[in-house]
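Chemist: My questions concern the predicted model and sequence given below.
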Amino acid sequence: MNQHVLISALLFTIVSITVTSSALARDSIEVVGSSTVYPFSTVVAERYGRASGKPTPKVESTGSGGGMKLFCSGVGTNYPDITNSSRRIKASEFKKCQTNGVKDIIEVHIGYDGIVIANSVTVAPMKLSRKDIFLALAAQVPGATEGELIDNPYSTWKQVNSALPNIAIEVLGPPPTSGTRDAFAELGLEGGCKAIPWIKAMKKTDKSAYKALCHTVREDGRYIEAGENDNLIVQKLEANPAALGVFGFSFLDQNADKVQGAQIESVAPTFESIADKSYSISRPLFFYVKKAHVGVVPGIQGYLNEFTSEKAWGEEGYLAEKGMIPLPTLERAAMAASTRGLVPMIGGEALK
Amino acid sequence: MTEALNNLGKIKKSLSRRNRAERRFRWYGRMAVFIGLAAVMVLFTDIISKGQGAFRITYIELEVTYEQDRIGIQSLTDPEQLATGNWEALYKAALRNEFTEVSGRRDKRKLYGLISSGAGFDLKDRLLANPLLLGATENVWILADDDIDTYYKSWLDGEPYAARMSTKQLQWIDELHAQGKIRLQFNKNLFTRGDSREPEQAGIRGAVMGSLLTLLLTLLLSFPIGVSAAIYLEEFAPRNRWTDFIEVNINNLAAVPSIIFGLLGLAIFINFFHIPRSVPIVGGLVLTLMTLPTIIITSRAAIKSVPPSIREAALGMGASKYQVVLHHVLPLSLPGMLTGAIIGMAQALGESAPLLMIGMVAFIVDIPAGFSDPATVLPVQIFLWADSPERAFIEKTSAAIMVLLSFLIVMNTVAVWLRKRLERRW
C-alpha cells in the first residue's frame, strides 16, 4: 500500500502548493524591464530595503520591450508594479496598457545613459562623426549620384573618411534584441543619416524607407554581434586593438585602463559632456509605475521617494557614482515633485 | 609445407605493422585524454587565478565613537529610531578624525568614498549586538569600498589599477598602509550575505539557499514520480505500441533543450495556475519536468540490471508481482536509481536557462527562507555578476563559479562512491 500513500501524498503536495501560493499576497515590490536601467534600479532597491528594514524590491532584467509587455498585462499582484525602460513608452504599448485596465501610469524620467564607441587604450583614440558611423555601419549607403543607394562598399575607415586611419572596419556591438542597439541605431546611425541632405528630405516623403535605410546595420561581418554582455566586448577590444566596440557609458567608466571612448563630433564621452548633451549619442532612461498598486503593494511610495531623492539621483548621488547621468537640476526637481505626488500620464503625450 | 612457411613469414611480417598500429592507437587515446585534461586544467587555473582574490577583502581600521547625538537616536530599542538613525555619520566622523587636514565638500566626499556604503549598517549591527558600546570608543576594522579594494589588491600585486581613484585617495591609502591601518581579511560577506550591487557587500548565501530550496523540491517531486513511472513501465506495463510510443517520448524529452521547459513552466504554472514568479516552488516544478526523463531512464536501466532469476525465485516462493517488485526488485535497483537521481540533481543545479522564463533571473537581496520567497540560484547569480559593470565583480564571479563547481564535484563524487559501495554484481 506504500505506493498508494506515496502517490496521493504527492498529489496533495502539488495541489496544496498551488492553492496556497495563488492565495499569497505580495509584500515586496516587483520591478521588471530594461537591462540598462537594471544596475541603477537595483541599487535603489537595495538601499531602500536596507534603510527601511522592509523587504527589498525584486528587480528582473527582461529588456525594455519584455518589461512593458509584462507591465501592461493587467492590474493585480500577479503583475509587476514597476517597469524600467531605456526608451519612452510607445503609443501602442500605452494603448495596450489601457485596454488591459492599467489606466493610471506614472512616468518617471530618471536621467541619461551615454552610448560609447570605444577601442583599446594601446592605440590612438578614434575621432568620428555620426556621418562616419553611418557610412561605416549602415547596410546601404548613398552612391555616386543623389538618390542612388548601393550596398555598403567600405572596408576600411580611411575609405569612409580620409582623415581616419587606414584600418579595417570591425565593430563589436549588441544584437538587435538589445535596447542599446535600438538607441545606437536611432542616435548614432540616424544622426549620421540626417547629415546627408537628400536622405533627410526623404523622411518627409517616404518615412518607412527612410527608417529602413537609417536603422539597418550591415550584415557582411563588419559589424559583429557580440551578445548582451558588455564585459565581453571590453575583453575582446583589449585582445584586438584594431576593433571598435559599442556599449554603455558605465562600462567605459569602470574599465578606463583597458578601453577609451571615441570622440564623436570632437566631443569625448565623459560624465559632464553627456550631462550637458554636448555628447550626441545619449538616451533618456525611464521607469513606469502602476498607480493602482500604490498602497496595495506596500513600499511603492517609499521606493519612489528613495529613487527621487537627491542622495540617489542628484548630481553627487549614488546613481551618478554607478554611471547614470542625472537630469538637469530644475527638471529633476519638477520630476521629483510629480513622481512623489503620483501624477499619472494624461494620455495626450506625443508618444511614438 | 612450403605454403605454411610462407604464411608464417607473412604473419611475422605483418606482426610489427599491427603492433605499430596498436601503439599508434594507444597514443591517440592518450592524446585525447590529455586534451580533455588540459582543457579542464586551463579552465580551473583561469577560474582559480581570477577568483582566489575574492576570498579576501580590504578593511580599514578606524577609531569609532558611538555618539548618541551623532546617530540622532534616544534609545536602542525603538525600531522606528533605529531605521531613521544616521549610522553613516559614525564612520564619517572617524574618517575626519583620522585625516584632520581634509576640508572642502569635494574632498570630504572622496574621503567618505574610502568606506563601503553599507558600513553604517554594519556599525549599527555591531552596536545592537553590544549595547554597552553606546558612548564608547573602539578601534574597528571597517569594510572598504570596492574601488579601494580593487586598487589595494592590484597595488599589492604590483600592477596598481588607479583609474577610479583620485590622487588624494591614493595618498590616503599610502598613509593608511604606512600605519598598518589597511589590510586584507577573510571575506565573510561572500558566504553570509545575499546579492548586492556593491561588490564588497555581495554574497552568495541567497543564491545557495535558493538553489537548495529549489533542488529539494525538485528531488521530492521528481524522484518518487520518476521511480514509480520506471517501475510501472518496466515491470507492469504490457509491451505494445503505446509503451513503445511512451518510451520514445521519454528519450526525446531527455534531449529537449532546457529553455523549452522554462516556456512550458511559464505557460502552465505561472499563467494558468497563477503561482507567483521567481519563487522556488515554480523553479522546483520546472526543474522537475526537466530531470524526470533522466531519472526515469536511469531507474529503468537499474531495474533492468536486476537478474530475472531473483524475480522468478520470488514468484516461485508464492510472492505476488507487487511483492516481488517492492521487496526484491526495488531494493536491489535502488543504488542505481539514487546515482541517477544525484546526476539529475547535479544537472538541475547547473541550469539557468529554464529559470530565465519564470523570473528567477532577478536581483534579490533578501535571503529566501521558504518555498514562496523570491529566490535566485547559483548559476543565475554567476550570470548576473558576470554581466555587472563593476570591476570587483569579476573576481566574485569566479569565486561563485568555484563554489558551484565544488558542489558539483561533491555531488558527482557521492554518486560514484554510492555506485562503488552499493553496487552488486550477479
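Modeler: Alright, I've got the coordinates.
Chemist: and the closest residue to residue B:266 other than its chain neighbours, what does it touch?
Modeler: The shortest distance from residue B:266 to any residue other than its chain neighbours is 4.6 Å, reached at residue B:357 (C-beta to C-beta, 6 or more residues apart in numbering or on different chains). C-beta: built from backbone N, CA, C; applies to glycine. For residue B:357, the contact set (C-beta atoms under 8 Å, 6 or more residues apart in numbering or on different chains) comprises B:259, B:262, B:263, B:265, B:266.
Chemist: and what of residue B:412?
Modeler: Residue B:412 is in contact with B:342, B:343, B:346, counting by C-beta under 8 Å, 6+ apart.
Chemist: Same check on residue B:94?
Modeler: Contacts for residue B:94 were tallied using C-beta under 8 Å, 6+ apart; they are B:62, B:63, B:64, B:65, B:142.
Chemist: What of residue A:335?
Modeler: If you count contacts by C-beta under 8 Å, 6+ apart, then residue A:335 has A:108, A:109, A:110, A:308, A:327 around it.
Chemist: Could I get those in JSON lines, plus columns for secondary structure and pLDDT?
Modeler: As requested, the contacts of residue A:335 are exported to JSON lines (DSSP: H, G, I helix; E, B strand; the rest coil; pLDDT from 0 to 100):
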{"residue": "A:108", "secondary structure": "strand", "pLDDT": "95"}
{"residue": "A:109", "secondary structure": "strand", "pLDDT": "95"}
{"residue": "A:110", "secondary structure": "strand", "pLDDT": "94"}
{"residue": "A:308", "secondary structure": "coil", "pLDDT": "93"}
{"residue": "A:327", "secondary structure": "coil", "pLDDT": "91"}
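Chemist: can you redo those residues as a markdown table with distance to residue B:53 and neighbour count?
Modeler: Below are the contacts of residue A:335 laid out as a markdown table (distance: C-beta to C-beta, whole Å; neighbours: other C-beta atoms under 10 Å in any protein chain shown):
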| residue | distance to residue B:53 | neighbour count |
| --- | --- | --- |
| A:108 | 38 | 19 |
| A:109 | 39 | 17 |
| A:110 | 34 | 27 |
| A:308 | 37 | 21 |
| A:327 | 37 | 22 |
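Chemist: Chain A: which of the contacts of residue B:94 is nearest?
Modeler: Closest approach between those and chain A, by C-beta to the nearest C-beta: residue B:142, at 16.4 Å.
Chemist: element containing that closest one?
Modeler: Element membership for residue B:142 (DSSP states H and E) is strand B:137-143.
Chemist: what does that strand rub up against?
Modeler: Strand B:137-143 is touched from outside by B:57-66, B:91, B:94, B:115-116, B:118-119, B:122-123, B:126, B:183, B:185, B:189, B:200-201, with contacts defined as C-beta under 8 Å, 6+ apart.
Chemist: Of these, which count as buried by neighbour count?
Modeler: Buried members of these, scored by 16 or more other C-beta atoms under 10 Å in any protein chain shown, are B:57-62, B:64, B:66, B:91, B:94, B:115-116, B:118-119, B:122-123, B:126, B:189, B:200-201.
Chemist: From the residues you listed, which land in strands?
Modeler: B:57, B:58, B:59, B:60, B:61, B:62, B:64 (DSSP state E).
Chemist: Would you mind putting the CA coordinates of stretch B:115-128 into PDB?
Modeler: Coordinates of each C-alpha in stretch B:115-128 appear next as PDB, following Å, rounded to 0.1, in the frame of the first residue of the first chain:
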ATOM      1  CA  ILE B 115      34.500  53.200   3.000                       C
ATOM      2  CA  SER B 116      31.800  50.800   1.800                       C
ATOM      3  CA  SER B 117      28.300  52.500   1.700                       C
ATOM      4  CA  GLY B 118      27.000  49.600   3.800                       C
ATOM      5  CA  ALA B 119      29.500  50.200   6.700                       C
ATOM      6  CA  GLY B 120      27.000  52.300   8.600                       C
ATOM      7  CA  PHE B 121      24.600  49.400   8.900                       C
ATOM      8  CA  ASP B 122      27.500  47.100   9.900                       C
ATOM      9  CA  LEU B 123      28.300  49.500  12.800                       C
ATOM     10  CA  LYS B 124      24.600  49.600  13.700                       C
ATOM     11  CA  ASP B 125      24.600  45.800  13.900                       C
ATOM     12  CA  ARG B 126      27.700  45.900  16.000                       C
ATOM     13  CA  LEU B 127      26.200  48.300  18.400                       C
ATOM     14  CA  LEU B 128      22.900  46.400  18.700                       C
END
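Chemist: Distance from it to the middle of the chain?
Modeler: Stretch B:115-128 sits 28 Å away from the centroid of its parent chain (C-alpha atoms, centre = their mean, to the nearest Å).
Chemist: so residue B:81 makes contact with residue B:74?
Modeler: Yes - contact criterion C-beta atoms under 8 Å: residue B:81 and residue B:74 qualify, at 6.4 Å.
Chemist: Looking at the two, which has the bigger crowd around it?
Modeler: residue B:81 (14 against 9; other C-beta atoms under 10 Å in any protein chain shown).
Chemist: Where does the more buried one sit: helix, strand or coil?
Modeler: Secondary structure for residue B:81, judged by DSSP: H, G, I helix; E, B strand; the rest coil, is helix.
Chemist: and the residue nearest to it when sequence neighbours are not counted, how many neighbours?
Modeler: Leaving out its chain neighbours, the residue that sits closest to residue B:81 by C-beta to C-beta, 6+ apart is residue B:73, at 4.4 Å. Residues near residue B:73, counting by other C-beta under 10 Å, number 21.
Chemist: what's the domain layout of chain B?
Modeler: The record's domain parsing of chain B by automatic domain parsing lists B:2-52, B:56-194, B:205-422.
Chemist: tell me the most buried of the ones you listed?
Modeler: Highest mean neighbour count of the domains of chain B: domain B:205-422, a mean of 19 (counted as mean count of other C-beta atoms under 10 Å in any protein chain shown).
Chemist: about what we covered before: among the contacts of residue B:357, which ones are in helices?
Modeler: Among the contacts of residue B:357, the members found in helices (DSSP state H) are B:259, B:262, B:263, B:265.
Chemist: now the residues you listed in TSV, with pLDDT and distance to chain A?
Modeler: Listed next are the ones in helices among the contacts of residue B:357 as TSV, based on pLDDT from 0 to 100; distance: C-beta to the nearest C-beta, whole Å:
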residue	pLDDT	distance to chain A
B:259	91	15
B:262	92	13
B:263	93	14
B:265	92	13
